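# Let me see the structure of the following:
(chains A and B)
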Amino acid sequence: MKLSAYFLKTTKQVSDEDTSISAKLLKQGGFIQESVSGRFYFLPIGQRIQQKIMAIIKQEMDEAGCQEIVTPILHPIELWRETNRTDSAGFELMTVKDRREAEFALGGTAEEMIVDLVRKYRLSYRDLPFHLYQFSPKFRDELRARGGLLRVREFMMKDGYSFHKNEDDFKVEYQKMRDLYTRVFEKLGLKTEVAESDNGYIGGDYCHEFIVESDIGESRYFVSDTGVCAHEDRATANQKETWIEKKGIEVGNIFQLGYHYSTLMKGATYTDQDGKEKPLYMGCYGIGIGRTMAAIVEAHHDERGIVWPSAVAPFRVHLIALKGGESVANDLYANLHRQGIEVLYDDRDKSAGEKLADADLIGIPLRLVISHRTLQSSGCEYKYRQDSQAQVIPLSDVMKLLDG
RNA sequence: CGGGGUGUAGCGCAGUCCGGUUAGCGCACCAGUUUUGGGAACUGGGGGUCGUAGGUUCAAAUCCUAUCACCCCGACCA
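From the prediction side, this is the model:
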């Protein structure tokens, strides 16, 4: 992608109103733009990050046998009435009406929709277990948005729902998802702690939160000297342990739902081997994509800008042409592009300082510079974003560098 | 919703206390000339119902009232 044609505008100044470093850097680097409080545009380079995150999640989920679907965003309000969640989640549930006055909830989570889908089929024990998931925008009418992407009213979420014969079968999936989430966040460059927590309005008996330790985070949780990790409501109830308090960003959550929804929603059953109709045993699992993106920035930046982990980097290479290097850089860009390497090419007519500063701000892992100076030795300079030193290699070795 | 704060050009701000020419500055944008390894220089240019509504006054960005939006702290969540 040529920067001269890319819809990416960095800014030198950003309002001092935002307190979170991720909000500042993501706005400054042209990744996101605010619409109104708690609602953001994801600009081209920001959307690339979201897609990278989703691709990593999808790959792991698919490998684990989960199946991606799409549900409508507007949920018939009757479904939410069935589970009494128009009251319990009411403070953050948004509704709309269509021209026939039919009322819908704007989906903030999709348990009812998935259960309604599943009960349209007469399932047998042979169909179990299965796990359906989706990526979709979620709406929550939060009392207050804060911290840029950390807490918003509209966000992309991966939400998954598993269906089982019984608790034993569910527990296998629950553990599998716990491991999968830990692995996914590791791939994304995030070290998570898994805290026991209460289910809140989601329902069920227990759940675990995936938390990235961070001072800007708003989740208070506790870790004991025996290795137990718990959200504050659970920790205060458990006086046996000696707790150390921490703050962090909750990026994911896995819930045991048990028979909660299959009891409240009529027909959420399967026919067992003995010919009897039995309620489905459920679990659900969520990851906030935008919040995860913010958490990555909180964990990976320096005073000059973002330092994207390579797995989520919007591009693999940031190529810069400085004076005298334009023609060779054009050729190199064309070559890299042809090889299918994701490269952002700064071909703008800007000063060297501005181009280099933008590269640091945007945070692509590998920077290549071609200029009059490097060409004196038929070379190309390369520098990894997290390193301070740059090196020059012969132009002919650039592809070798990228292979390694 | 309670407490604190802010709304002036696309962005960042000064001006408001103490009312008084055509409302300023920096960045960005457009044109031109010179520049080009760490956010270049000069010249010229475009862009504003001073958040909105009402009031006081000869006169309102400035004073008064109401209202909206946004940010920060608290209660809730991915």
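# Right, and RNA strand B sits closest to which residue of the stretch 201-350 of chain A?
Nearest residue of the stretch 201-350 of chain A to RNA strand B (CB to the nearest atom of the strand) works out as A:Gly288 at 2.3 Å. Yep, even glycine has a C-beta here, placed from its N, CA and C like the rest.
# I misspoke; the intended subject was the stretch 51-200 of chain A.
A:Gly200 (2.4 Å).
# picking that back up, looks like the residue of the stretch 201-350 of chain A closest to RNA strand B contacts A:Asp159 (just checking).
No: with contact defined as CB atoms under 8 Å, A:Gly288 does not reach A:Asp159; the gap is 9.7 Å.
# if I've got this straight, A:Phe7 is in a helix?
No: read with DSSP: H, G, I helix; E, B strand; the rest coil, A:Phe7 is coil and lies in no helix.
# Pull the number of nearby residues for it.
8 (other CB atoms under 10 Å).
# Could you measure from it over to A:Tyr201?
From A:Phe7 over to A:Tyr201 the distance is 39 Å, taken as CB to CB, to the nearest Å.
# residues in contact with the residue of the stretch 201-350 of chain A closest to RNA strand B?
Shown in contact with A:Gly288 (CB atoms under 8 Å, 6 or more residues apart in numbering): A:Phe155, A:Met156, A:Met157, A:Val251, A:Gly252.
# Let me see the backbone angles for the last one.
Recorded main-chain torsions at A:Gly252 are phi -150, psi 170, according to degrees, to the nearest 10.
# who's it bridged to?
Beta-bridge pairing for A:Gly252 (DSSP bridges): A:Phe210, A:Ile287.
# tell me the contacts of it?
For A:Gly252, counting by CB under 8 Å, 6+ apart, the contacting residues are A:Tyr181, A:Phe185, A:Thr192, A:Glu209, A:Phe210, A:Tyr285, A:Gly286, A:Ile287, A:Gly288, A:Thr292.
# and if we set it to 10 Å?
A:57, A:157-158, A:177-178, A:181-182, A:184-185, A:190, A:192, A:194, A:208-212, A:285-288, A:291-292 (CB atoms under 10 Å, 6 or more residues apart in numbering).
# Would you mind checking which of the contacts of A:Gly288 is nearest to A:Glu303?
Each of the contacts of A:Gly288 was scored against A:Glu303 by CB to CB, and A:Val251 proved nearest at 24.6 Å.
# Check the burial of the closest one by counting its neighbours.
Count around A:Val251 with other CB under 10 Å applied: 27.
# what's the offset of whichever strand or helix holds A:Val184 from the middle of its chain?
A:Val184 belongs to helix A:167-187 when assigned by DSSP states H and E. Relative to its parent chain, helix A:167-187 has a centroid offset of 17 Å by CA atoms, centre = their mean, to the nearest Å.
# For it, buried residues please.
Buried residues in helix A:167-187, counted by 16 or more other CB atoms under 10 Å: A:Phe170, A:Glu173, A:Tyr174, A:Met177, A:Arg178, A:Leu180, A:Tyr181, A:Thr182, A:Val184, A:Phe185, A:Lys187.
# Tell me if it is near RNA strand B.
No: judged by CB under 7 Å from any atom of the strand, helix A:167-187 makes no contact with RNA strand B; its nearest approach is 9.4 Å.
# Up against RNA strand B, what does the stretch 201-350 of chain A have?
So the stretch 201-350 of chain A meets RNA strand B at A:201-202, A:209-210, A:218-219, A:250-253, A:286-288, A:290-291, A:304, A:322-323, A:325, A:349-350 (CB under 7 Å from any atom of the strand).
# Any quick ChimeraX command for the buried ones out of these?
Only the buried members of those end up in this ChimeraX selection, burial being decided by 16+ other CB under 10 Å:
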select /A:201,202,209,210,219,250,251,252,253,286,287,288,290,291,322,325,350
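# Now do A:Lys383 against A:Phe104, distance only.
If you go by CB to CB, the gap between A:Lys383 and A:Phe104 works out to 52 Å.
# returning to that earlier point: and the buried residues of helix A:167-187, which is closest to A:Asp397?
Set against A:Asp397, the nearest of the buried residues of helix A:167-187 by CB to CB is A:Lys187 (29.0 Å).
# residue contacts, that closest one?
Going by CB under 10 Å, 6+ apart, A:Lys187 touches A:Ile53, A:Ile56, A:Ile57, A:Gln59, A:Glu60, A:Pro309, A:Ala311, A:Val312.
# what about burial for those, which qualify?
Applying 16+ other CB under 10 Å to those flags A:Ile53, A:Ile56, A:Ile57, A:Glu60, A:Pro309, A:Val312 as buried.
# chain center to stretch A:392-401, what's the gap?
34 Å.
# ok, and does that stretch reach over to RNA strand B?
No: Stretch A:392-401 lies out of reach of RNA strand B by CB under 7 Å from any atom of the strand, never closer than 7.8 Å.
# With stretch A:40-49 instead?
No: using CB under 7 Å from any atom of the strand, stretch A:40-49 never reaches RNA strand B; the gap is at least 9.7 Å.
# so where do the helices sit in the stretch 151-300 of chain A?
A:167-187, A:232-237, A:260-264, A:289-299 (DSSP state H, counting those that start in this stretch).
# What distance do you get for the residue nearest the centre of chain A to A:Ala268?
Per CA atoms, centre = their mean, the C-alpha nearest to the average position across chain A is that of A:Ile289, at 2.2 Å. A:Ile289 sits 28 Å away from A:Ala268, going by CB to CB.
# same question, A:His372
70 Å.
# more crowded one of the two?
Set side by side, A:His372 and A:Ala268 show more neighbours around A:Ala268, with 21 against 11, by other CB under 10 Å.
# Skip the chain neighbours and tell me the closest residue to the more buried one.
A:Ser262 (3.8 Å; CB to CB, 6 or more residues apart in numbering).
# again, but for A:Lys176
Using CB to CB, 6+ apart, the closest residue to A:Lys176 is A:Ala64 (6.2 Å).
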